[in-house]
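K.L.:
For reference, the sequence and a predicted model appear below.
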Amino acid sequence: MIPAQFDYLAPTTIDEALAALAEHGDDAKILAGGQSLLPVLRMRLNAPEMVIDLNKIPELRGVRDDGDHLVIGAMTRHSDIAKDPQVGEHAALLQKAVHHLADEQIRHRGTFGGALAHADPAGDMGAPALALGCEFVIAGRDGVRNVAADDFFVDLFETAIGEDEILTAVRVPKHTGWGAHYEKFVRVAHQWPIVAVAAAVKVDGGTITEARVGLTNMGSTPLRARAVEDALRGQPATEDAVREAASRAAEGANPPSDLNGDAEYRAHLATVLTRRAVLTAAGV
Amino acid sequence: MTRISLTVDGAKVADDVEPRMLLVQYLRERLGKTGTVVGCDTSNCGACTVHLDGTSVKSCNVLAVQADGCEVTTIEGLAQDGELHPVQEAFRECHGLQCGFCTPGMIMQSVALLKDNPSPSEEEIRLGLEGNLCRCTGYHNIVKAVQHACGQGAGAQQEVTA
């Protein structure tokens, strides 16, 4: 299977990329790591006239420290995040999740920003980014704006990024010293989760003082399990307390039904995986 | 058409290609490097794995134009001076193949895996090869071959449990 014909640009600066996007508008598609886009082009589910490749823009890559945040360039590859010591120290949840994303070859090529902008509700990076309260740095012709995680994911494959805009970086609030775990349920290797749960918890003297829980594939966007977070706050880090809080994991979720399981099955699965994720994150 | 110049298996090449041409197509159809095979064409099976600037990628999921200025190594570039690469030798020694179709990708990914982690555990080998499918289900001997290549338990293998 070969993609339909398209023209190709590989700008070397963000400004050049924005200018190209402005010129070609609806006919253009942004190429990041390409690990979701190229299969779509090959199957001819989409046939843009122009592909704008961001791989030659060095300023979009890398992780840097910015006080109480880490700033991760949108074109930073999953395999770089998996190895980055700053991410390990300050945003361990991202690292826990990225190890479960697809497979080694895909992680070598796929990018953090590309995965988030693609906004597949079954993608592995959305729930951790949402749970950590990341801010999305979006550049347009009129300048740069920051969008909060709660406003970034709009619907299935839809984000707050405008048609003439590019996601350039993600600002991750540091969660230094928090325990983290990503619990993913799949039936076969290197696939999208049927359901997955991202959990980061702060434990102080055996008490959970704060918790952040994100759900993958439990609705048309990644979701925060706020009822669980509220129920965990101030509770002892014990199996019973966590089980009780985790029972509220599917509150407000609208999970899909498909061949892998119906909505009711997923709602139950979310409670089980939330319990496992929180207990592991808390070191219980 | 877009002009690209790159190094493939140590040789410099330059060509005009359509932007839509996949790297695997370029390698097979322009350069005749048919050692790299197309298995699933959906980026699942890993049979088309090559190294792009030293890291493993699925060459059905990269455009040829994206390899401009890069160094590509295929299964055909692993052997040096007529000597098989140690991982190739290990696959032969341990019978790490049945029909052989997945083998080029398995070997390229195994080489990448051992470069990152020279002494992986059995579980790390299985996870590292997660993106490579063997339809013959010959995984046990593939894992043994990787262990053999990194000097673990050659000959007397421990029982491998699935």
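P.N.:
Nice, thanks for sending it over. Residues are numbered from 1 along each chain as shown, chains lettered A, B, ... in the order given.
K.L.:
what about whichever residue of the stretch 1-150 of chain A sits closest to chain B, how many neighbours?
P.N.:
Closest approach between the stretch 1-150 of chain A and chain B, counting by C-beta to the nearest C-beta: residue A:103, at 2.7 Å. Glycine gets a C-beta too; all of them are placed from N, C-alpha and C. Residue A:103 is flanked by 22 other residues according to other C-beta atoms under 10 Å in any protein chain shown.
K.L.:
show me the contacts for it.
P.N.:
Residues near residue A:103 by C-beta atoms under 8 Å, 6 or more residues apart in numbering or on different chains: A:189-190, B:46, B:130-132.
K.L.:
Repeat that for residue A:278.
P.N.:
With the criterion set at C-beta under 8 Å, 6+ apart, residue A:278 makes contact with A:181, A:199, A:201, A:211, A:213, A:228, A:232, A:242, A:245-246.
K.L.:
quick revisit: in ChimeraX, how would I select just the buried ones from the contacts of residue A:103?
P.N.:
Here is the ChimeraX command that selects the buried residues among those (16 or more other C-beta atoms under 10 Å in any protein chain shown):
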select /A:190 /B:46,130,131,132
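K.L.:
Kindly reformat the contacts of residue A:103 as CSV containing secondary structure.
P.N.:
Shown next, in CSV, are those (DSSP: H, G, I helix; E, B strand; the rest coil):
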residue, secondary structure
A:189, coil
A:190, coil
B:46, coil
B:130, coil
B:131, coil
B:132, coil
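K.L.:
Farthest-apart pair in the contacts of residue A:103, please.
P.N.:
A:189 and B:46 (10.7 Å; C-beta to C-beta).
K.L.:
The residue nearest to residue B:117 when sequence neighbours are not counted: how many residues sit nearby?
P.N.:
Spatially, and ignoring its direct neighbours in sequence, residue B:117 is nearest to residue B:124 (6.2 Å; C-beta to C-beta, 6 or more residues apart in numbering or on different chains). Look at residue B:124: counted by other C-beta under 10 Å, it has 14 neighbours.
K.L.:
so residue B:71 makes contact with residue B:6?
P.N.:
Yes - between residue B:71 and residue B:6 there is a contact under C-beta atoms under 8 Å: 7.1 Å.
K.L.:
what about these two, which has more around it?
P.N.:
Using other C-beta under 10 Å as the criterion, residue B:71 and residue B:6 rank with residue B:6 on top: 21 against 16.
K.L.:
got the contact list for that one?
P.N.:
Residue B:6 touches B:12-14, B:67-72, counting by C-beta under 8 Å, 6+ apart.
K.L.:
Scan these and report the most crowded one.
P.N.:
The residue in those with the most neighbours, by other C-beta under 10 Å, is residue B:72 (26 neighbours).
K.L.:
What parts of the stretch 101-250 of chain A come near chain B?
P.N.:
Proximity of the stretch 101-250 of chain A to chain B, by C-beta under 8 Å from any C-beta of the partner chain, involves residues A:102-106, A:108-109, A:189-190.
K.L.:
which residues touch the residue of chain B found nearest chain A?
P.N.:
Chain A sits closest to residue B:131 of chain B, with a gap of 2.7 Å, by C-beta to the nearest C-beta. Counting by C-beta under 8 Å, 6+ apart, residue B:131 touches A:102-106, A:190, B:44, B:46, B:49, B:58, B:109.
K.L.:
Can you lay out those as a markdown table showing pLDDT and distance to residue B:119?
P.N.:
Formatted as a markdown table, the contacts of residue B:131 follow (pLDDT from 0 to 100; distance: C-beta to C-beta, whole Å):
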| residue | pLDDT | distance to residue B:119 |
| --- | --- | --- |
| A:102 | 95 | 25 |
| A:103 | 96 | 21 |
| A:104 | 97 | 17 |
| A:105 | 98 | 21 |
| A:106 | 97 | 24 |
| A:190 | 81 | 23 |
| B:44 | 92 | 28 |
| B:46 | 97 | 22 |
| B:49 | 98 | 22 |
| B:58 | 98 | 26 |
| B:109 | 98 | 17 |
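K.L.:
ok, so of those, who is nearest residue A:4?
P.N.:
Once C-beta to C-beta is applied, the member of those that ends up nearest residue A:4 is residue B:58, at 20.5 Å.
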